[in-house]
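[1] pasting the structure only:
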């Protein structure tokens, strides 16, 4: 009798619980003709609740626990719609009738209705997406400041670090084109103001197969587009009223942008334009009287009125060729002139972390190292709806970056040397002598601050030219459980690197008016090379949706060629390549179309599934790789420009990329409309970690010399 009573009570409780739940129902129709849509997929994000529309376009999802939910509606050939903050009430049916827009009539793949969710329950990767409204509410000036205040990101003197990784391990893209200077080592190559950002996506874990090169994370920026209304915005900020520039840091920050529509006959062209400047004397105190740059041949003082000077210009044009095709053209230019040594970071395991201020030259900044960085990015994106099932995007891009470091605008070196330039060799009054009564006497170096008329011993110039072609396709088969993404990307690169220490060493010395010595070397040490490598990749991923479970399975096939310069060095017996490296390079590469290539497969897996309503567990596993800094591969390999000094660098053509194998498990919860929680635990394993080692080689004179070479050896974990 007791068992029977307990069973009846349990049944009544279950029925009462079901009665307390709500229902979601509605009808899906075509927006243009009102036709009922059969077979559309409607699901409640963060739950196992889902339904497929019937022959009359209707759907019904019963037994939903009361609360606020996100509804995702998708149908082949139509724009996906997401409804946020849908309220489901107990013992009531919530009606959601939706008019779907054909994909051929809209270039937006997803339309979101309602407020943005605090937590993305529908995504198995760790990602943060910010639109222009989100960024307008932040006190930020550029992409780096936007990213720096996000979870999992820290800012150090080096730059932006994601999950403890090094700054150059982050992939930075603007409108699908890489915007990172591959030679400067700073992680960024093109500066973008916050007022130019249309949308920014930060991925700290679980990046998809379409992304390349981000072993730490991915920063993808979309530039704003113009709208039907003409809009103008501007601002000017400064820290003084002009009477006393010493009351602050003598800072001026200005921004001006405008955008709108131009109508030519029946065609509409949209444009957006933005100009910014950031001028400051910094907070260190001493400044140079005037910065100069040998890279800016005309009126260089105009671009360097302060100690730190930054200018950016953004232009974006967009046009819908027809209902199925849209084209956008983006040009982003930036110029920076300052004396911060962080402008050029020679990366490596043994790199020294230090602030960028040249403190030892603080009394003589007019002779200190001045850095000029210029960059220009152009991106063309063509998006076309090919069929109801297939959407394709073609991206063409060019990135050009150039960095010059010199002794505040002085030329590489004069035709002849008639004075002492080396700061360490100039002795000034009052002279302090150590051991004055001894047989050997020394001059004390002084307080360590240089103020003797000597000039910086650094002269550096590099440029990187990168041409990119990328195709990507999204395929939606009839089976509602699959969404496929596949494509190909290829980059043609050209790098030139000139790094000279004490460039006046070896220059002709003027003996008298008619006699001078010949030039015998390019500085006390140098590293000079010009190379044309290339790389690319094929990628594929399949997003599977099944009863609330979302799995994204993909892989990327990466290939790269060090280029003809490295191939010739390996085959040239006079080039200073170690015999073992020659043998390994030939064994580890395959010759294709005249160049030797390497390749690697990188798997990507993301899975998420609901535990309870609005509570999701997720897991991602991925391999990613980062090509080594070109300096580690090509330094000192050219027989014509061999550095004969001791302790110089020697390239390793057989150097492999660093590989990151990442695991992450996490929990996401939408507690309330405006309150969410994300907990994540991750483990990054770095393989083929690049470290420096000393090797002994024979130079052109036949003497054995010690060189620093980089190899793949160590392992790291974050």
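    All right, it came through fine. Everything numeric here is computed off the predicted structure, so don't read it as measured data.
[2] which residues touch residue 409?
    Shown in contact with residue 409 (C-beta atoms under 8 Å, 6 or more residues apart in numbering): 291, 292, 293, 294, 300, 370. From N, CA and C alone the C-beta is placed, and that goes for glycine too.
[3] Wasn't it part of a helix?
    No: with DSSP: H, G, I helix; E, B strand; the rest coil as the criterion, residue 409 is coil rather than part of a helix.
[4] Tell me the confidence at it?
    At residue 409, the pLDDT value in this model is 92.
[5] again, but for residue 418
    76.
[6] how near is the closest residue to it other than its chain neighbours to residue 383?
    Using C-beta to C-beta, 6 or more residues apart in numbering and skipping the chain neighbours, the partner closest in space to residue 418 is residue 510 (4.7 Å). Distance, residue 510 to residue 383, by C-beta to C-beta, to the nearest Å: 63 Å.
[7] again with residue 55
    Using C-beta to C-beta, residue 55 is found at 33 Å from residue 383.
[8] who's more crowded, those two?
    Taking neighbours as other C-beta atoms under 10 Å, residue 55 and residue 383 compare with residue 383 leading, 18 against 8.
[9] longest strand anywhere in the chain?
    strand 675-698 (DSSP state E).
[10] Pass me the low-pLDDT residue ranges in the stretch 201-350 of the chain, would you?
    Where the stretch 201-350 of the chain drops to pLDDT under 70, the residues are 243, 245, 346-350.
[11] repeat that for 50
    Along the stretch 201-350 of the chain, no part satisfies pLDDT under 50.
[12] show me where the protein has helices.
    2-20, 132-136, 143-148, 564-571, 579-588, 630-634 (DSSP state H).
[13] Just list what the second one packs against, helices and strands only.
    By that I understand helix 132-136. Where contact means 3 or more C-beta pairs under 8 Å, 6 or more residues apart in numbering; DSSP states H and E, helix 132-136 is packed against strand 197-205.
[14] what does the strand it packs on contact?
    Contacting residues not belonging to strand 197-205 are listed as 125-132, 135, 143, 146-147, 150-153, 162-163, 211, 214, 217-225, 620, 662, 664, 680, 682 [C-beta under 8 Å, 6+ apart].
[15] Count the neighbours of the residue lying closest to residue 85 once chain neighbours are set aside for me.
    Residue nearest to residue 85 in three dimensions, not counting chain neighbours: residue 114, with 4.8 Å by C-beta to C-beta, 6+ apart. A total of 14 residues lie near residue 114 under the criterion other C-beta under 10 Å.
[16] Make 647 the first number, not 1, from now on.
    From this message on, residue numbering opens at 647, which makes the last subject residue 760.
[17] Just confirm residue 760 contacts residue 733, I think it does.
    No: in this structure residue 760 lies outside contact range of residue 733 using C-beta atoms under 8 Å: 10.8 Å.
[18] what's the nearest residue to residue 725 if we skip its chain neighbours?
    Spatially, and ignoring its direct neighbours in sequence, residue 725 is nearest to residue 747 (4.5 Å; C-beta to C-beta, 6+ apart).
[19] if I pick the one you found, what's in contact with it?
    So residue 747 contacts 677, 724, 725, 757 (C-beta under 8 Å, 6+ apart).
[20] Please tell me how far it sits from residue 873.
    Between residue 747 and residue 873 the computed distance is 19 Å (C-beta to C-beta).
[21] Repeat that for residue 720.
    When distance is defined by C-beta to C-beta, residue 720 is 27 Å away from residue 873.
[22] Compare those two and say which is more crowded by neighbours.
    Counted by other C-beta under 10 Å, residue 720 and residue 873 do not tie: residue 720 has more neighbours, with 19 against 12.
[23] Quick check: beta-bridge partners of that one?
    residue 687 (DSSP bridges).
[24] Just to check, it is in contact with residue 686?
    Yes: look at residue 720 against residue 686 with C-beta under 8 Å: they come within range, at 7.0 Å.
[25] So residue 917 versus residue 907, what's the distance?
    Taking C-beta to C-beta as the measure, residue 917 falls 8 Å from residue 907.
[26] Need the overlap of contacts for these two.
    Residues touching both residue 917 and residue 907 by C-beta under 8 Å, 6+ apart: residue 872.
[27] more crowded one of these two?
    Taking neighbours as other C-beta under 10 Å, residue 917 and residue 907 compare with residue 917 leading, 18 against 14.
[28] Disregarding residues adjacent in the polypeptide, which is nearest to residue 1174?
    Once flanking residues are discounted, residue 1174 sits nearest to residue 1287: 4.2 Å by C-beta to C-beta, 6+ apart.
[29] For that neighbour, which residues are in contact?
    Neighbouring residues of residue 1287 by C-beta under 8 Å, 6+ apart: 1168, 1172, 1174, 1175.
[30] What residue, apart from its backbone neighbours, is nearest the second one spatially?
    With sequence-adjacent residues excluded and distances taken as C-beta to C-beta, 6+ apart, residue 1172 is closest to residue 1146, at 4.6 Å.
[31] ok, that neighbour - contacts?
    1058, 1105, 1106, 1168, 1169, 1171, 1172, 1173, 1174.
[32] again, 6 Å this time
    If you count contacts by C-beta atoms under 6 Å, 6 or more residues apart in numbering, residue 1146 has them with 1105, 1168, 1169, 1172.
[33] Also residue 1019?
    982, 989, 1049.
[34] now, among the residues you listed, which is nearest to residue 835?
    Relative to residue 835, the closest of the contacts of residue 1019 is residue 1049; by C-beta to C-beta it sits at 9.4 Å.
[35] sorry, back to before: residue 1211 versus the residue nearest to residue 1174, what's the distance?
    In this view, residue 1287 and residue 1211 are 12 Å apart by C-beta to C-beta.
[36] one step back: which among the contacts of residue 747 end up buried?
    Among the contacts of residue 747, the ones that count as buried by 16 or more other C-beta atoms under 10 Å are 724, 725.
[37] Closest one of the contacts of residue 747 to residue 1215?
    The closest of the contacts of residue 747, once distances to residue 1215 are taken by C-beta to C-beta, is residue 725, at 53.4 Å.
[38] Now do the domain split for the protein, please.
    Annotated domains of the chain cover 648-759, 772-869, 877-1363 [automatic domain parsing].
[39] if we can go back for a sec, looking at the contacts of residue 1055, point me to the pair that's furthest apart.
    Pairwise over the contacts of residue 1055, using C-beta to C-beta, the maximum falls at 937 and 940, 11.5 Å.
[40] hmm, back to that, does the residue nearest to residue 1064 have beta-bridge partners, and which?
    Residues in beta-bridge contact with residue 1156 (DSSP bridges): residue 1162.
[41] Please report the distance of it from residue 940.
    22 Å.
[42] Looking at the two, which is more packed in?
    Neighbours per residue (other C-beta under 10 Å) separate residue 1156 from residue 940, with residue 940 holding more: 19 against 16.
[43] The more buried one against residue 1054, yeah?
    No: taking contacts as C-beta atoms under 6 Å, residue 940 lies outside contact range of residue 1054: 9.2 Å.
[44] Can you get me a residue count around the closest residue to residue 954 other than its chain neighbours?
    Setting aside the residues directly before and after it, residue 954 is nearest to residue 984 in space (C-beta to C-beta, 6+ apart), at 4.2 Å. With neighbours defined by other C-beta under 10 Å, the count for residue 984 comes to 21.
[45] Distance check, residue 984 against residue 1298.
    Residue 984 is 33 Å from residue 1298, by C-beta to C-beta.
[46] circling back: which one of the contacts of residue 1287 sits closest to residue 1273?
    Nearest to residue 1273 among the contacts of residue 1287 is residue 1175, at 16.1 Å by C-beta to C-beta.
[47] Just the pLDDT for that closest one.
    At residue 1175, the predicted lDDT confidence score is 92.
[48] Run through the residues that contact the closest residue to it other than its chain neighbours.
    Residue nearest to residue 1175 in three dimensions, not counting chain neighbours: residue 1280, with 4.6 Å by C-beta to C-beta, 6+ apart. Applying C-beta under 6 Å, 6+ apart to residue 1280 gives the contacts 1175, 1177, 1297.
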